[in-house]
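S.K.: model this:
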Amino acid sequence: MQLRSLAHSMIAALIWLGAAASATADRALVLDISGSIGPATSDYVQTSFAHAREQGATLVVLRLDTPGGLDAAMRDIVKEILAAPIPVVGYVAPSGARAASAGTYILQACHVAAMAPATTLGSATPVRLGGLPRIPDDDGDAPTTDSSEPSSDGSTSDDPAAPTDAPAPEPADAMERKLVNDAAAYLRGLAKLRRRNAEWAERAVRSAENLAASEALAQQVVDLVASDVPDLLRQIDGREVQVLGTRVTLQTTGLSAEDLAPSWRTRLLHIVTDPNVAYVLLLIGIYGLIYELANPGAMIPGVSGAIALVIALYAFQALPVNFAGLALLALGIAFMTLEAFVPSFGVLGIGGAIAFTAGSIMLFREDAGQIGVALPVVATFAFLSMALFIGVIGYAVKSRRRPVVSGAEELIGAVGEALEDFDRHGRIRVHSEDWSARSDRPVRSGQRVRVIGMDGLTLTIEEINDA
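M.R.: Numbers count the residues shown, from 1 in each chain. You can find the predicted model right below:
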């Protein structure tokens with residue numbers, strides 16, 4: 001009986017596992033990639049793809065709405081898509097969304113590229129922290145407007161029907177040429193791999209072109225336009241794609257879509273790896289430690305500063321930090337700190353503010369794409385740093401140089417009154433407190449005495465001879 005019961009239990013378990021596996025296989029996992037693309041986004045995609053493989057998901061849908069982001073994070077996501085053993089569908093949605101800059105590369109890497117109505121893609125020119133690379137017009141001058149801004153119909157050209165076969169001009173600067181040529185070859189290669197419009201992909205990099213959904217479909221930049229995820233799954237049913245060199249036919253009829261939200265770890269990573277947040281945490285950490293060193297015993301600034309500094313360093317190891325900018329930032333803080341200790345008539349303070357501002361602007365490398373600290377944040381903290389180090393730290397240093405006004409040390413030199421006649425040992429009153437006292441000479445009751453030493457709770461006194 002026991003063997004029969006065990007057999008029935010095993011059969012039931014196998015049936016349940018089979019049903020669970022079948023249910024998992026009939027799902028399409030939907031990942032939302034919104035906002036700036038950074039280390040948290042690539043971590044989210046990598047962990048979600050691993051989850052999809054473990055659960056045997058049929059399809060992964062990347063729902064895109066992004067202005068772009070970090071080049072390194074974008075390339076990590078593209079590598080994950082290209083190495084995926086299951087089909088990946090890129091879908092720019094909902095209506096009004098965009099897949100600009102890094103989002104365009106991710107969309108082109110997907111096995112199927114789709115867009116919702118009233119969405120755009122493009123503006124794939126690599127952006128340095130100072131702005132877009134300087135791309136000259138035909139007469140050699142830089143354009144006066146930002147070519148990355150799409151027109152109302154989603155195209156950068158005044159006439160969408162105008163021919164665009166003319167080669168895009170090359171940037172004048174060697175570094176800009178290097179960035180643009182590398183990005184153009186990369187996006188063109190992705191478009192060729194998925195048999196899409198490689199010529200437009202190169203123009204999206206060199207001329208920062210944009211397209212609306214209908215135009216992208218007409219120019220074979222994307223494969224289809226779908227109103228929502230169910231419509232997307234309906235349209236791609238029966239479509240053939242190449243997955244790791246193998247031709248796969250998509251079977252999406254009856255497939256259910258399941259949103260896979262990022263974990264708390266990914267959400268936390270997304271917050272702390274925001275350049276502005278990491279920058280603020282770094283400054284809070286440095287300020288807290290400096291204040292604790294200048295005024296030992298405060299505790300709260302030191303503890304909170306240490307925690308903020310460790311979190312900031314964790315964020316910086318995931319971001320493309322420019323060490324020259326970091327060194328300038330530290331030098332500026334050091335100069336402003338010295339201004340509180342050394343009277344330099346403002347030379348150290350002004351020099352420190354300049355170094356601090358320059359270092360903040362240069363904090364991230366030129367290949368960081370759209371990752372950088374906002375100028376208003378830099379200006380605000382430059383002003384606050386001047387006020388903090390010259391004001392608060394200076395006040396703390398001056399406070400430590402003042403005479404002690406409380407505690408045991410303050411009793412030395414204090415004047416008191418004998419409470420009784422005594423020889424050697426007796427009682428006195430100092431600061432309205434009764435103390436045991438020791439004297440080398442006899443003391444009369446009511447006589448004024450001065451404290452000259454302290455041994456535990458016993459004061460050593462001497463008499464004061466009033467004139």
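S.K.: OK, contacts around residue 117?
M.R.: Residues near residue 117 by CB atoms under 8 Å, 6 or more residues apart in numbering: 95, 213, 214, 225, 227. C-betas here are computed from N, CA, C, even on glycine.
S.K.: out of the residues you listed, which are buried?
M.R.: 213, 225 (16 or more other CB atoms under 10 Å).
S.K.: and of the contacts of residue 117, the nearest to residue 284?
M.R.: Checking these against residue 284 by CB to CB gives residue 95 as the nearest, at 40.4 Å.
S.K.: so that closest one sits against residue 116, correct?
M.R.: Yes - counting by CB atoms under 8 Å, residue 116 is a contact partner of residue 95 at 5.0 Å.
S.K.: residue 32: what's it in contact with?
M.R.: 63, 65, 259, 261.
S.K.: go again using 6 Å as the cut-off
M.R.: residue 63 (CB atoms under 6 Å, 6 or more residues apart in numbering).
S.K.: over to it. Which of the three states is it?
M.R.: What DSSP: H, G, I helix; E, B strand; the rest coil gives for residue 32 is strand.
S.K.: before we move on, the earlier item: between the contacts of residue 117, which is closest to residue 309?
M.R.: Using CB to CB, the shortest approach to residue 309 within those belongs to residue 95, at 43.5 Å.
S.K.: surely residue 437 meets residue 462?
M.R.: No - here residue 437 lies out of contact with residue 462, judged by CB atoms under 6 Å, at a distance of 10.3 Å.
S.K.: related to what we said a few turns ago, for the contacts of residue 117, could you give me TSV that also reports distance to residue 184 and secondary structure?
M.R.: As requested, the contacts of residue 117 are exported to TSV (distance: CB to CB, whole Å; DSSP: H, G, I helix; E, B strand; the rest coil):
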residue	distance to residue 184	secondary structure
95	29	coil
213	23	helix
214	25	helix
225	26	strand
227	32	coil
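S.K.: and the contacts of residue 117, which is closest to residue 348?
M.R.: Using CB to CB, the contacts of residue 117 come closest to residue 348 at residue 95, 55.5 Å.
S.K.: can you pull the pLDDT of the closest one?
M.R.: The model reports residue 95 with a pLDDT of 94.
S.K.: can you count the residues close to residue 224?
M.R.: 17 (other CB atoms under 10 Å).
S.K.: look up how far residue 237 lies from it.
M.R.: 11 Å (CB to CB, to the nearest Å).
S.K.: same check on residue 375?
M.R.: In terms of CB to CB, residue 375 sits 49 Å off from residue 237.
S.K.: when these two are compared, which one has more neighbours?
M.R.: residue 237 (14 against 11).
S.K.: show the contacting residues for the nearest residue to the more buried one once chain neighbours are set aside.
M.R.: Excluding the flanking residues, the one nearest residue 237 by CB to CB, 6 or more residues apart in numbering is residue 252, at 4.5 Å. If you count contacts by CB under 6 Å, 6+ apart, residue 252 has them with 233, 236, 237.
S.K.: give me the three-state assignment for residue 252.
M.R.: Classification of residue 252 by three-state DSSP places it in coil.
S.K.: can you check residue 91 too?
M.R.: Residue 91 - assigned by three-state DSSP - is strand.
S.K.: any low-confidence regions in the stretch 1-150 of the chain?
M.R.: Applying pLDDT under 70 to the stretch 1-150 of the chain flags residues 1-25, 127-150.
S.K.: can you pull out the helices in it?
M.R.: Here the stretch 1-150 of the chain has its helices, by DSSP state H, counting those that start in this stretch, at 2-25, 39-55, 71-82, 102-109.
S.K.: alpha carbons only: can I get stretch 447-458 in PDB?
M.R.: Provided in PDB are the C-alpha atoms of stretch 447-458 (Å, rounded to 0.1, in the frame of the first residue of the first chain):
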ATOM      1  CA  GLN A 447      38.100  81.600  53.000                       C
ATOM      2  CA  ARG A 448      38.500  82.000  49.200                       C
ATOM      3  CA  VAL A 449      40.600  79.400  47.600                       C
ATOM      4  CA  ARG A 450      41.800  78.500  44.000                       C
ATOM      5  CA  VAL A 451      41.800  75.100  42.400                       C
ATOM      6  CA  ILE A 452      45.300  74.200  41.100                       C
ATOM      7  CA  GLY A 453      44.900  70.500  40.500                       C
ATOM      8  CA  MET A 454      42.600  67.500  40.500                       C
ATOM      9  CA  ASP A 455      43.100  63.900  41.600                       C
ATOM     10  CA  GLY A 456      39.900  61.900  40.900                       C
ATOM     11  CA  LEU A 457      37.100  63.600  42.800                       C
ATOM     12  CA  THR A 458      39.500  65.500  45.100                       C
END
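S.K.: and that stretch, what's buried?
M.R.: 447, 449, 450, 451.
S.K.: what's opposite the third one in the beta bridge?
M.R.: Pointing back at residue 450 there. Per DSSP bridges, the residues bridged to residue 450 are residue 415, residue 462.
S.K.: surely it and residue 415 touch.
M.R.: Yes - contact criterion CB under 6 Å: residue 450 and residue 415 qualify, at 5.5 Å.
S.K.: and the protein, what are its domain boundaries?
M.R.: If you go by automatic domain parsing, the domain ranges for the chain are 22-262, 274-401, 408-463.
S.K.: dump these to JSON lines, plus distance to residue 268.
M.R.: Shown next, in JSON lines, are the domains of the chain (distance: least, CB to CB, whole Å):
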{"stretch": "domain 22-262", "distance to residue 268": "8"}
{"stretch": "domain 274-401", "distance to residue 268": "10"}
{"stretch": "domain 408-463", "distance to residue 268": "47"}
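S.K.: now do the contacts for residue 106.
M.R.: Applying CB under 6 Å, 6+ apart to residue 106 gives the contacts residue 77.
S.K.: if you set the cut-off to 10 Å instead, what comes out?
M.R.: Each residue near residue 106 by CB atoms under 10 Å, 6 or more residues apart in numbering is listed here: 33, 37, 41, 45, 62, 64, 66, 69, 74-75, 77-78, 80-81, 88, 90, 99, 113, 190.
S.K.: helix 102-109 and the helix or strand where residue 200 lies, what's the angle between them?
M.R.: Counting by DSSP states H and E, the element that carries residue 200 is helix 198-206. Here helix 198-206 runs at an angle of 160 degrees relative to helix 102-109 (axes from the mean of the first three to the mean of the last three CA atoms, to 10 degrees).
S.K.: ok, then the element right after helix 198-206?
M.R.: Assigned by DSSP H and E, the successor of helix 198-206 is strand 210-212.
S.K.: show me what that following strand is packed against.
M.R.: Under the contact criterion of 3 or more CB pairs under 10 Å, 6 or more residues apart in numbering; DSSP states H and E, strand 210-212 touches strand 120-122, helix 198-206, helix 213-218.
S.K.: strands paired with it, and their directions?
M.R.: strand 120-122 (antiparallel).
S.K.: after the partner strand, which helix or strand is next?
M.R.: Counting by DSSP H and E, what follows strand 120-122 is helix 174-193.
S.K.: as PDB, could you dump the C-alpha coordinates of that next one?
M.R.: Once non-C-alpha atoms are left out, helix 174-193 reads as follows in PDB (Å, rounded to 0.1, in the frame of the first residue of the first chain):
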ATOM      1  CA  ALA A 174      39.500  63.200 -35.000                       C
ATOM      2  CA  MET A 175      37.900  62.000 -31.800                       C
ATOM      3  CA  GLU A 176      34.400  62.700 -33.100                       C
ATOM      4  CA  ARG A 177      35.200  60.900 -36.300                       C
ATOM      5  CA  LYS A 178      36.400  57.900 -34.300                       C
ATOM      6  CA  LEU A 179      33.200  57.800 -32.200                       C
ATOM      7  CA  VAL A 180      30.900  58.400 -35.200                       C
ATOM      8  CA  ASN A 181      32.600  55.900 -37.500                       C
ATOM      9  CA  ASP A 182      32.600  53.200 -34.800                       C
ATOM     10  CA  ALA A 183      28.900  53.800 -34.000                       C
ATOM     11  CA  ALA A 184      27.900  53.800 -37.700                       C
ATOM     12  CA  ALA A 185      29.700  50.500 -38.400                       C
ATOM     13  CA  TYR A 186      28.100  49.000 -35.300                       C
ATOM     14  CA  LEU A 187      24.500  50.000 -36.200                       C
ATOM     15  CA  ARG A 188      24.900  49.200 -39.800                       C
ATOM     16  CA  GLY A 189      26.200  45.700 -38.900                       C
ATOM     17  CA  LEU A 190      23.200  45.100 -36.700                       C
ATOM     18  CA  ALA A 191      20.800  46.200 -39.400                       C
ATOM     19  CA  LYS A 192      22.400  43.900 -42.000                       C
ATOM     20  CA  LEU A 193      22.300  41.000 -39.600                       C
END
